[in-house]
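Next come a sequence and a model predicted from it.
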Amino acid sequence: MSLPNSSSVNKPDIAPASLKRLQQMSHVLDKAIAIPGSDIRVGLDPILGLLPGGGDVVTGLLSVYIVFEAAKMGLPAQTLGRMSFNILLDVLSGMVPVLGDLFDVGWKANSQNVALIEKHVAAPKPSRAADKVFAVLVIVGLVVLVVGVAALSVWVVSQVWALLFR
């Protein structure tokens, strides 16, 4: 992973193709499908989230990829922290069957995170790029969170299953 040097003042190093790819990914995850007769749009995130354990892992890891790209682009630690908070809420809400997926429809963490990247690109504020250690810790922490929540979900489902079918 090639992260920017933390001693340099943050000037976004964003290739238009990278930003476009992240915009497309967030659209597919959060807004790809219009619900007929309403202004509501959903993406693969809440749909795959209906699959116990596995769906949230896939979409959670794709969300972490957006943060990884933001770190490579040199976004400040404060922005990476906000992006991580968006994913944290998304992943933790996904633990609650159906209600978590309904939350996903409204929360749209990936779209929010790409909007944070776009805001930084449009009007970069003088700040330091996230330090490499911080960026790595954020990304590793998010991956551990996603996998841990999935493991916990699978464990809870197995315990409920065992109670129901003894």
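Sure thing, it's come through. If you're wondering where the values come from, they're calculated on a predicted model, not measured in any experiment. Numbers count the residues shown, from 1 in each chain.

need the longest helix for the chain.
helix 132-164 (DSSP state H).

Which positions within that helix qualify as buried?
Using 16 or more other Cβ atoms under 10 Å as the test for burial, helix 132-164 gives 134-135, 138-139, 142, 145-146, 149-150, 153. C-betas here are computed from N, CA, C, even on glycine.

Now tell me what touches stretch 61-71 from outside.
Contacts of stretch 61-71 with the rest of the structure, by Cβ atoms under 8 Å, 6 or more residues apart in numbering, involve 1, 3, 18, 22, 25-26, 29, 45, 79-80, 83-84, 87, 90-91, 109-110, 113-114, 116-117, 130, 135, 138-139, 142-143, 146.

Sort out which residues of that stretch are buried, please.
Applying 16+ other Cβ under 10 Å to stretch 61-71 flags 62-71 as buried.

Go through these and say which is closest to K125.
Closest to K125 out of the buried residues of stretch 61-71 is A70 (14.8 Å), distances taken as Cβ to Cβ.

Output the lowest mean pLDDT helix or strand found in the chain.
Across the helices and strands of the chain, the lowest-confidence element by mean pLDDT, DSSP states H and E is helix 132-164, at a mean of 89.
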